[in-house]
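>>> next input, structure requested:
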Amino acid sequence: MRLVRILAMLAVAMAATLAGTTTASAATCLGSGYLVTSDGTIQRFSISTNTVTTTVEIPGANFVDVAVSPTGRTLYAVDSNGDAIRVFDATTGLATVTISGFSAPIAIALSPDAKRAYVANETARTVTVVDTTTDTIARSFSLSSTSAPTDLVVSPDGSLVYITVGDALQVRSTSDGTLQKTYTLAGNARAVALSATKAYTAIDTPFQVESALLSGSTSEMLFDGMAGQPRKIAISPDGATLYVGTGAMDVGSLLSATIGSNTLTQVGTTTSFGVTSIAVTPDSVTVYAASANEVAVLPRGTSTPTTLIGAVSRNITAVAVCPAVTDPGAPTAVTAVPGDATVSLSWTAPVNTGGAPITLYTATAAPDGATCSTTGATTCLVTGLKNGTGYTFTVTATNIAGTSAASAASTKVTPRRDNSARVLAVGLPTITFTKKGIGIATSITVTGAGTIAQVATFKGDRYCNLSRRVAAAGTYRVRCVIKTAGRLLAKKRAVSYTLRSTFSPTNGLVASNSQTVRVPRRR
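So this is what the prediction gives:
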C-alpha cells in the first residue's frame with residue numbers, strides 16, 4: 001500500500017491543529033519544496049498547489065540529501081557520486097556552483113544563520129564545514145569512530161552539531177569540532193532531530209527512539225519494541241509532534257506521537273517501499289513523506305492525503321520544504337537618556353524574531369538621522385548630537401530575511417552639556433617639611449571612578465606633579481611633594497605656589513580647581 005494511505009489516520013489526529021493555525025506574514029520563503037533522486041533529478045514543487053513546477057536533471061549525479069536556506073533562496077544538494085555539494089539558485093532552479101572535496105557525503109545540515117553547512121562523510125568518518133558565503137570548504141573534523149555517520153543536525157543557537165555515528169550520538173562544537181559529550185545508545189543510530197530543548201534519536205535495531213535534553217548528558221527511552229526499523233525522524237517546527245519513518249526499500253510505515261505523550265502510533269498500514277525522508281511545513285500542519293517512488297502529502301485544511309502531482313516515480317531520496325523565515329517584529333519600549341551631545345538608548349527585543357536570530361539592531365535619531373547599531377545587544381550610544389536640540393529615536397531589528405518596521409518613537413530628550421563634574425571639592429592644604437621635600441597635602445572629593453592629578457607651579461615652572469587613580473566616589477587624601485629645586489627656593493624666601501587639582505572621570509567632563517598655597521621660608 002502506498003504512502004497516501006499511510007497518512008490517512010494522521011489527518012484525523014491533526015484536524016484540530018489545522019483549523020487553529022494561521023500563516024505567518026511577510027514570509028520570504030518562496031512557498032516551495034524540493035525533492036531529489038539518486039539518479040540526479042531535482043524537482044521544485046509549490047506548497048500551495050502540491051504540484052511540481054520545475055525539474056532539473058544533473059547527469060551522473062546521485063543526490064542523497066537536500067537542504068534549503070532559511071530564506072528559501074538557495075538549495076544545497078548532496079551528490080554522493082561526485083563527492084560534492086551542488087548549489088542551486090532556488091528561485092530559478094539553475095546550478096550556481098559545485099563544491100568538491102568530500103568523501104562519500106551522506107547528509108547535510110545548515111546553521112541557523114545559513115552561513116555554514118555541515119556535511120557528514122561516510123567514507124572518511126568526518127564532518128566537513130562549508131562556508132556558504134564563499135562556497136568553499138572551511139575545515140573538517142574527525143568523528144574518531146570506526147562507524148560511518150548517518151545523520152546530523154545543528155543546535156538552535158548554532159553552537160553544536162549532533163551526529164549519529166554507530167551506536168552513539170556525538171555532540172561536537174561547530175567552531176572547532178571538539179567533542180562536547182557522547183550519548184551511548186542501545187543500537188545503531190540512523191537519524192537525529194532537535195526540538196528547542198531535546199535531541200531525538202532513531203535506532204533501527206532493535207526499534208527504539210530516545211530523547212535527551214540538549215543541556216544534559218543522559219538520554220531516556222521513549223519508544224521500543226515496535227515493528228520495523230526506524231530510518232528517519234522529524235519534529236514539527238512547533239515542537240508538538242514527533243514523526244518516525246521506518247523500513248528500507250522493502251517495507252515501511254510512518255508513525256507519529258504527540259511530544260510528551262509517550263504513545264507512538266502507526267499511521268495507516270505498511271507500504272511496499274520504506275520512508276526515505278520526512279519534511280514538515282513551517283506552520284507544522286502539512287507533512288511530506290517520501291518513499292522511493294512517491295511523495296505523499298497531507299495538505300492544509302483537508303482530511304484526505306494526496307500525492308505530490310508530477311513527482312518522479314523512482315529513486316526519491318530526500319524531500320525538504322522552505323523554512324518560514326520572515327522579517328522580525330519591531331523592537332519595543334525604546335528608552336532614551338540624554339548626555340553631553342549623546343543619548344544612551346535601550347529597548348526590548350521583539351517577541352517575533354521571524355524564525356531566525358536577530359543579527360543587527362539599528363537606532364536612528366530624528367532629526368538629523370544619527371545612528372548607532374549593535375549585533376545583538378539591546379543598548380547603544382548615539383554620539384555627535386547637538387546639545388539643546390530635542391530628539392526622538394526609533395529602532396529596527398534585522399535577521400537573515402530582512403529588516404523590521406521601525407519601533408514606536410522614544411519620548412523626546414534633549415542632550416545638554418553636563419557641568420556637574422566641573423565642581424571639584426578640594427580641602428585646604430597642609431604643608432610639611434621632610435628630608436624628602438616639601439609636602440602639600442589636600443583632601444579631594446570626587447564623584448566617581450577616574451584619575452586625580454595635582455601640579456604646583458611658580459612663575460610657569462612645575463615644582464610637583466601627582467597622578468592617582470581612584471575606583472569609586474569618595475574623599476581622598478593626596479600629597480604632592482616639592483623636591484630639589486623647590487627645597488632650595490624655600491631656603492631663600494617664602495613662595496606662593498599655584499596648586500591646580502583636576503579629576504578626569506571614567507565617563508564625563510574633566511573637573512578642575514585652583515588655589516594659591518603659600519610655603520613659608522625654611523631657614
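
>>> which element is Arg469 on?
Using DSSP states H and E, the secondary-structure element containing Arg469 is strand 461-470.

>>> and what of Ala405?
Ala405 belongs to no helix or strand when assigned by DSSP H and E.

>>> check contacts around the closest residue to it other than its chain neighbours.
Distances taken as CB to CB, 6 or more residues apart in numbering place Ala330 nearest to Ala405, at 4.8 Å, with adjacent residues excluded. Heads up, the C-betas are built off the backbone N, CA and C, glycines and all. Residues in contact with Ala330 (CB atoms under 8 Å, 6 or more residues apart in numbering) are Pro350, Val395, Thr396, Ala397, Ser404, Ala405, Ala406, Ser407, Ala408.

>>> switch the cut-off to 10 Å
347, 350, 352, 394-397, 403-408 (CB atoms under 10 Å, 6 or more residues apart in numbering).

>>> which SS state does it fall under?
Following DSSP: H, G, I helix; E, B strand; the rest coil, Ala330 is assigned to coil.

>>> residues near Ser496, how many?
Ser496 has 9 neighbours, counted by other CB atoms under 10 Å.

>>> was I right to think it contacts Arg518?
Yes: Ser496 lies in contact with Arg518 (CB atoms under 10 Å); the separation is 4.8 Å.

>>> next SSE downstream of the least confident helix or strand in the chain by mean pLDDT?
One helix or strand of the chain scores below all others by mean pLDDT, DSSP states H and E: helix 8-19, with a mean of 35. Under the assignment DSSP H and E, the closest C-terminal helix or strand after helix 8-19 is strand 32-37.

>>> right, and the helix or strand after that following strand?
strand 41-46.

>>> my read is that Thr276 contacts Ala191, right?
No: under the criterion of CB under 10 Å, Thr276 is not in contact with Ala191, lying 11.1 Å apart.

>>> overlap in contacts, these two.
Shared contacts of Thr276 and Ala191, counting by CB under 10 Å, 6+ apart, come down to Arg231, Lys232, Gly245.

>>> quick one: which of these is nearest to Ser467?
Comparing the shared contacts of Thr276 and Ala191 against Ser467 with CB to CB picks out Lys232 as the nearest, at 69.5 Å.

>>> can you count the residues close to Leu308?
22.

>>> oh sorry, the question was meant for Ile42
Neighbour number of Ile42 under other CB under 10 Å is 24.

>>> that one: what's its closest spatial neighbour, skipping adjacent residues?
Val56 (4.6 Å).

>>> do Ala117 as well
Val130 (4.1 Å).

>>> now Arg44
Using CB to CB, 6+ apart, the closest residue to Arg44 is Thr54 (4.1 Å).

>>> who touches the helix or strand containing the one you found?
Secondary structure from DSSP H and E places Thr54 in strand 51-57. For strand 51-57, contacts defined as CB under 10 Å, 6+ apart pick out 32-37, 39-46, 75, 77, 86, 88, 90, 92-95, 295, 308-312.

>>> change it to 8 Å
Contacts for strand 51-57 (CB under 8 Å, 6+ apart): 32, 40-46, 88, 93-95, 308-312.

>>> helix or strand right after it?
Strand 51-57 is succeeded, C-terminally, by strand 63-68 (DSSP H and E).

>>> for Ala490, phi and psi?
phi -70, psi -20 (degrees, to the nearest 10).

>>> wait, isn't it in contact with Arg518?
No: using CB atoms under 8 Å, Ala490 is not in contact with Arg518, being 11.1 Å away.

>>> all helices for the chain, in order.
3-6, 8-19, 484-490 (DSSP state H).

>>> any idea how far Ala511 is from Thr281?
From Thr281 across to Ala511, the span is 64 Å (CB to CB, to the nearest Å).

>>> so Pro357 versus Ala349, what's the distance?
Distance of Pro357 to Ala349, given as CB to CB: 11 Å.

>>> cool, and Leu509?
According to CB to CB, Leu509 and Ala349 sit 33 Å apart.

>>> of these two, which one has the most company?
Comparing Leu509 with Ala349 by other CB under 10 Å, the one with more neighbours is Ala349, at 18 against 15.

>>> any chance of the shared contacts of Thr276 and Ala191 in JSON lines, with neighbour count and pLDDT too?
JSON lines is the format used below for the shared contacts of Thr276 and Ala191 (neighbours: other CB atoms under 10 Å; pLDDT from 0 to 100):
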{"residue": "Arg231", "neighbour count": "22", "pLDDT": "87"}
{"residue": "Lys232", "neighbour count": "25", "pLDDT": "91"}
{"residue": "Gly245", "neighbour count": "28", "pLDDT": "85"}
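
>>> out of those, which sit inside strands?
Arg231, Lys232, Gly245 (DSSP state E).

>>> from those residues, pick the one nearest Val382.
Closest to Val382, out of all of those and judged by CB to CB, is Lys232, at 51.0 Å.

>>> beta-bridge partners for the residue nearest to that closest one when sequence neighbours are not counted, please?
Excluding the flanking residues, the one nearest Lys232 by CB to CB, 6+ apart is Gly245, at 3.9 Å. On the basis of DSSP bridges, Gly245 is bridged to Lys232, Leu254.

>>> am I right that Gly245 is in contact with Ala289?
Yes: in this structure, Gly245 is within contact of Ala289 by CB under 8 Å, at 6.5 Å.

>>> overlap in contacts of these two?
Joint contacts of Gly245 and Ala289 (CB under 8 Å, 6+ apart) are Leu254, Val275, Ser277, Ile278.

>>> just curious, which of those is nearest to Arg469?
Ile278 (63.0 Å).
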